[in-house]
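> Predicted model and sequence below, questions to follow.
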Amino acid sequence: MRFLDDTAPGHDLTYDDVFMVPRHSSVASRYDVDLATTDGTGATLPLVVANMTAIAGKRMAETIARRGGLAVIPQDIPTSVVADVVAFVKSRDLVFDTPIELTRSQTVAEALSLIPKRAHRAAVVVEDGRPVGIVSEADCVEVDRFAQVQHVMQPISVRLAADADPRAAFDALHAAHAPMAVAVDDDGALVGVLTRTGALRATLYNPAVDASGGLRIAAAVGVNGDVALKAKELLEAGVDCLVVDTAHGHQDRMLEALAAVRALDPQVPVVAGNVVDADGTRALIGAGADIVKVGVGPGAMCTTRMMTGVGRPQFSAVLECAAAARDLGKHVWADGGVRHPRDVALALAAGASAVMVGSWFAGTHESPGDLMHDADGRAFKVSFGMASARAVANRTSTESAYDRARKGLYEEGISSSRMYLDPARPGVEDLIDEICSGVRSACTYAGAASLAELHERAVVGVQSTAGFTEGRPLSTSW
Ligand SMILES: NC(=O)C1=CN([C@@H]2O[C@H](COP(=O)(O)OP(=O)(O)OC[C@H]3O[C@@H](n4cnc5c(N)ncnc54)[C@H](OP(=O)(O)O)[C@@H]3O)[C@@H](O)[C@H]2O)C=CC1
Ligand SMILES: Nc1nc2c(ncn2[C@@H]2O[C@H](COP(=O)(O)O)[C@@H](O)[C@H]2O)c(=O)[nH]1
Ligand SMILES: [K+]
């Protein structure tokens, strides 16, 4: 990447401050762009779901890995639970989604409480392991809440074999005007479901898979307590990437934690952070990090900059850290502050190998929280920061009242925020589609067929607030 007219500005920049200039391109189609990462994580998309309790659970992990990204299970989740999540995610089908299963006699009320857990907005009714019908929200309108689902379910119009070709499945769904197909194995047992959009996605994305063909997943460990033991347990559980996580990564505790993790000889990439400058990046790589997590203060849930004055505008932080890591043959993830697809494209242009997204993904069906509605009927989920009073209280629940009170004094995150679902893009895959379209298009504007070429070819200029505003769409006249 270089700055326009080779003039680097004298001050630090964030995503809104910069723009990319189009360049001559020989890349004929946006579909010709390869979005695979080269940082050793095996991700085929440069997207990582941030290790936040309100965002990265098993459903999120399954869904993003099926499209090629990676979710990081937060450090606050007990190791035994992480092990269950890893096993669950690795047992998922690479094409078919995991449906909500109901028995014939379950009620419409139960169906309606579970269906919002799925972006495809339906559940499969199963008898003796075999699917016998599909229930959608539309089937439950004006029906007694205690009615049994067998009385409202619809017949399965498209049944697929477990090895069905996604393109053929798309055509079959289209021809049948059916919203969803159900896949079964040779014995007729339920394998999963596939919507028309799911079939399309299966032809466009490559799942992030491990050597055994299971979906990939990462998990985080903090810098306190027995780091080596926890890291060992996570590795034994089968995580594909280990993230050593603390707010201020450039500190002794982190360097000691990294040494302890390295001593385990993990055969997976080790990520560590957070830092925002070349010194911090070199220190973490020197202590054993393969990938450095960059970002202090850009997160939507984060109050660190307001509390402390510490941090750094994210574009400059990523640019400097990525250059330092590259000199050492290593990589960085840009962590936090992503609000638009353009931010992902700019972070990759600055040299990040992947971009972490937290709060934006909180407002989706796949985040762990329950779907709520505000007074106007708009759907939202509650999110919170990992350094918020709420997260600190969770994390320290087994400590003495005195220790909890001491730790409770340091609050650098929001405890409760509403992340609204975009009615047009309520599922995380809808957001992945949107981000990937933006990034693919950005690559062709830069004449790049891969992320390495994007970084190599990107020409970035600095804009005024008016420049940024000019780029925003206007949905009404002025
Ligand atoms: N990217 C970002 O901008 C930020 C991210 N976070 C996220 O919040 C979660 C909790 O992180 P964290 O607060 O580090 O908690 P951790 O549980 O990881 O503990 C941090 C340890 O570092 C010590 N420490 C020393 N200085 C600091 C400092 N300035 N800030 C925080 N700890 C410090 C703490 O000791 P003592 O408590 O005695 O001081 C404690 O032992 C993580 O997931 C982290 O990524 C949090 C803040 C900023
Ligand atoms: N200072 C704080 N930073 C936090 C907290 N919780 C999470 N984070 C950081 O934000 C990113 C995600 O950013 P987003 O803009 O996509 O939401 C996450 O990975 C952490 O680094 C917090 O409580 N305080
Ligand atoms: K912030």
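Yep, it's here. Ligands and ions are numbered 1, 2, ... in the order given.

> Let me see the contact set for Gln314.
Gln314 makes contacts with 14-15, 294-295, 298, 334, 336-337, 347, as judged by Cβ atoms under 8 Å, 6 or more residues apart in numbering. Every residue, glycine included, has its C-beta placed from N, CA and C.

> Give the PyMOL command for selecting the buried subset of those residues.
Buried residues within the contacts of Gln314, by 16 or more other Cβ atoms under 10 Å, are selected in PyMOL with:
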select buried, resi 14+15+294+295+298+334+336+337+347
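
> any idea which helix or strand carries Ala442?
Assigned by DSSP states H and E, Ala442 belongs to helix 428-446.

> avg pLDDT for that helix?
For helix 428-446, mean pLDDT is 98.

> Report all helices and strands that that helix contacts.
Using 3 or more Cβ pairs under 8 Å, 6 or more residues apart in numbering; DSSP states H and E, the elements in contact with helix 428-446 are strand 18-20, strand 47-49, helix 58-67, helix 196-204, helix 341-349, helix 359-362, helix 451-457.

> Now it: buried residues?
By neighbour count on 16+ other Cβ under 10 Å, the buried set for helix 428-446 is 428-436, 438-440, 442-446.

> and the contacts of Gln314, which of them are in strands?
294, 334 (DSSP state E).

> how about the helices and strands packed on helix 428-446 in a markdown table, adding distance to Ala272?
Below are the helices and strands packed on helix 428-446 laid out as a markdown table (distance: least, Cβ to Cβ, whole Å):
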| stretch | distance to Ala272 |
| --- | --- |
| strand 18-20 | 27 |
| strand 47-49 | 14 |
| helix 58-67 | 20 |
| helix 196-204 | 32 |
| helix 341-349 | 18 |
| helix 359-362 | 22 |
| helix 451-457 | 21 |
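
> Could you dump the ones you listed into a markdown table with mean pLDDT added?
Shown next, in a markdown table, are those (pLDDT from 0 to 100):
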| stretch | mean pLDDT |
| --- | --- |
| strand 18-20 | 98 |
| strand 47-49 | 98 |
| helix 58-67 | 98 |
| helix 196-204 | 97 |
| helix 341-349 | 98 |
| helix 359-362 | 98 |
| helix 451-457 | 98 |
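
> so which of these is the most packed in?
Highest mean neighbour count among these (mean count of other Cβ atoms under 10 Å): strand 47-49, with a mean of 29.

> What values do phi and psi take at the nearest residue to Leu204 once chain neighbours are set aside?
Computed as Cβ to Cβ, 6 or more residues apart in numbering, the closest residue to Leu204 that is not its neighbour in sequence is Tyr31, at 7.7 Å. Main-chain dihedrals, Tyr31, degrees, to the nearest 10: phi -70, psi -10.

> likewise Ser91?
Backbone geometry at Ser91, expressed as degrees, to the nearest 10, gives phi -90, psi 0.

> Tell me the spacing between the residue sitting nearest the centre point of the chain and Glu366.
The centre of the chain sits closest to Val49, judged by Cα atoms, centre = their mean, with a distance of 2.5 Å. As judged by Cβ to Cβ, to the nearest Å, Val49 and Glu366 stand 9 Å apart.

> Quickly list what's touching both of those two.
Joint contacts of Val49 and Glu366 (Cβ under 8 Å, 6+ apart) are 60, 64, 428.

> need those residues in a markdown table with distance to ligand 2, can you?
Shown next, in a markdown table, are the shared contacts of Val49 and Glu366 (distance: Cβ to the nearest ligand atom, whole Å):
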| residue | distance to ligand 2 |
| --- | --- |
| Met60 | 13 |
| Ile64 | 14 |
| Val428 | 13 |
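
> which of those residues lies closest to Val86?
Of all the shared contacts of Val49 and Glu366, Val86 sits closest to Met60, with 13.5 Å by Cβ to Cβ.

> need the contact list for the closest residue to that closest one other than its chain neighbours.
In space, Met60 comes closest to Glu366 once its chain neighbours are excluded; the distance is 4.6 Å by Cβ to Cβ, 6+ apart. Glu366 is in contact with 59-60, 63-64, 119, 427-428, counting by Cβ under 8 Å, 6+ apart.

> Of all pairs in these, which one is the farthest apart?
Across the contacts of Glu366 (Cβ to Cβ), the longest gap, 12.5 Å, separates Ile64 and Ala119.

> any chance you could map the helices in the stretch 301-450 of the chain?
Ranges of helices in the stretch 301-450 of the chain, per DSSP state H, counting those that start in this stretch, are 304-308, 314-327, 341-349, 359-362, 389-395, 401-408, 428-446.

> by how many degrees do the second one and helix 341-349 diverge?
Going back to what we said before, that points to helix 314-327. With axes from the mean of the first three to the mean of the last three Cα atoms, to 10 degrees applied, the angle from helix 314-327 to helix 341-349 works out at 30 degrees.

> Buried residues in helix 314-327, which are they?
Buried residues in helix 314-327, counting neighbours by 16+ other Cβ under 10 Å, are found at 314-322, 324-325.

> mind putting those residues in TSV, distance to ligand 2 included?
Below are the buried residues of helix 314-327 laid out as TSV (distance: Cβ to the nearest ligand atom, whole Å):
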residue	distance to ligand 2
Gln314	9
Phe315	14
Ser316	17
Ala317	12
Val318	13
Leu319	18
Glu320	17
Cys321	14
Ala322	17
Ala324	19
Ala325	17
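
> Return only those of those residues found close to ligand 1.
Applying Cβ under 6 Å from any ligand atom to the buried residues of helix 314-327, one finds that nothing falls near ligand 1.

> can I get those in CSV with pLDDT?
What follows is the buried residues of helix 314-327, written out as CSV (pLDDT from 0 to 100):
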residue, pLDDT
Gln314, 98
Phe315, 98
Ser316, 98
Ala317, 98
Val318, 98
Leu319, 98
Glu320, 98
Cys321, 98
Ala322, 98
Ala324, 98
Ala325, 98
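
> Is it possible to get a markdown table of these that adds distance to Pro22?
Formatted as a markdown table, the buried residues of helix 314-327 follow (distance: Cβ to Cβ, whole Å):
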| residue | distance to Pro22 |
| --- | --- |
| Gln314 | 23 |
| Phe315 | 19 |
| Ser316 | 23 |
| Ala317 | 26 |
| Val318 | 22 |
| Leu319 | 20 |
| Glu320 | 25 |
| Cys321 | 27 |
| Ala322 | 22 |
| Ala324 | 29 |
| Ala325 | 28 |
